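Asks: Let me see the structure of the following:
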Amino acid sequence: MTQMDRVSFERRRLLCALAALPALALSRPALAGETLGFGELYKSFGVLGLEFSDKVKRLNGREVAMKGFMAPPLKAEANFFVLTEIPMSLCPFCSSDADWPDNILVVYLAEKQTFVQYNAPIEARGVLEYGSWVDPETGFVSQLRLRDAAFETV
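Replies: Prediction:
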C-alpha cells in the first residue's frame, strides 16, 4: 500500500467515524447503573410494617434511576422533593415511620434545580439509601431516599 493509499484509507475511516457521531448522541447511555420501579421497593407488608425488597437491599449505596412524579415542594428554595408513583397535588410527607406510604421516596438534590409541575413525569437519578432516617434540618422522616440526585422530565 502506498503512502497515498494509506492517507486515503485513514481519511475514509475518519469520515465514517464522524458520520456515526450523531447516531451515538441519539443513543444516550443510561445515566444510572440500574432502574428501580415503585413495585420493586418492598417485599412484603406484615405486622412489623413494610419489608424492603432484596433488590433495594442489593442496590443500597448505588446509583439508580426511578421514574415518577414530583410532589409539590413545601418551599421554593428546597433542595429536596418527594418522588411519587402517581401525580399528587399535595405533599405526602408523614409524621412517623408507621405512616410511611409505599409509593414515595425522598430525593435530595446534589444541586438546586427548578421544580416542575406535579403532573409532569420525571426521572430521578441518585444514590439509593433505605432505612428510617430523620432529616436534621426539617425533621421529616423517610424510609427511602435518593442522595446526590438530579432529575429531568421524560
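Asks: isn't Gly131 right up against Arg145?
Replies: No: contact criterion CB atoms under 8 Å: Gly131 and Arg145 do not qualify, at 9.1 Å. In short, each C-beta sits where N, CA and C put it, glycine included.
Asks: So between these two, which is more surrounded?
Replies: Taking neighbours as other CB atoms under 10 Å, Gly131 and Arg145 compare with Arg145 leading, 20 against 12.
Asks: any idea of the pLDDT on the more buried one?
Replies: What the model reports as pLDDT for Arg145 is 96.
Asks: where does this structure have its least confident helix or strand?
Replies: Least confident helix or strand of the chain, by mean pLDDT, DSSP states H and E, is helix 3-26 with a mean of 46.
Asks: immediately after it, which helix or strand?
Replies: Next along the chain after helix 3-26, taking DSSP states H and E as the criterion, comes strand 34-35.
Asks: same question for that following strand, mean pLDDT?
Replies: Averaged over strand 34-35, pLDDT sits at 95.
Asks: Can you give me the buried ones in the next helix-or-strand element following it?
Replies: Sequence order places strand 42-46 as the next helix or strand after strand 34-35, per DSSP H and E. For strand 42-46, the neighbour count (16 or more other CB atoms under 10 Å) marks Tyr42 as buried.
Asks: Walk me through which strands strand 42-46 pairs with, and which way each runs.
Replies: Strand pairing for strand 42-46, determined by DSSP bridges: strand 49-52 (antiparallel).
Asks: Give me the contacts around the helix or strand that the partner strand is followed by.
Replies: Following strand 49-52 in sequence order, the next helix or strand is helix 54-59 (DSSP H and E). Residues outside helix 54-59 that contact it (CB atoms under 8 Å, 6 or more residues apart in numbering): 34, 36, 40-43, 128, 130, 144.
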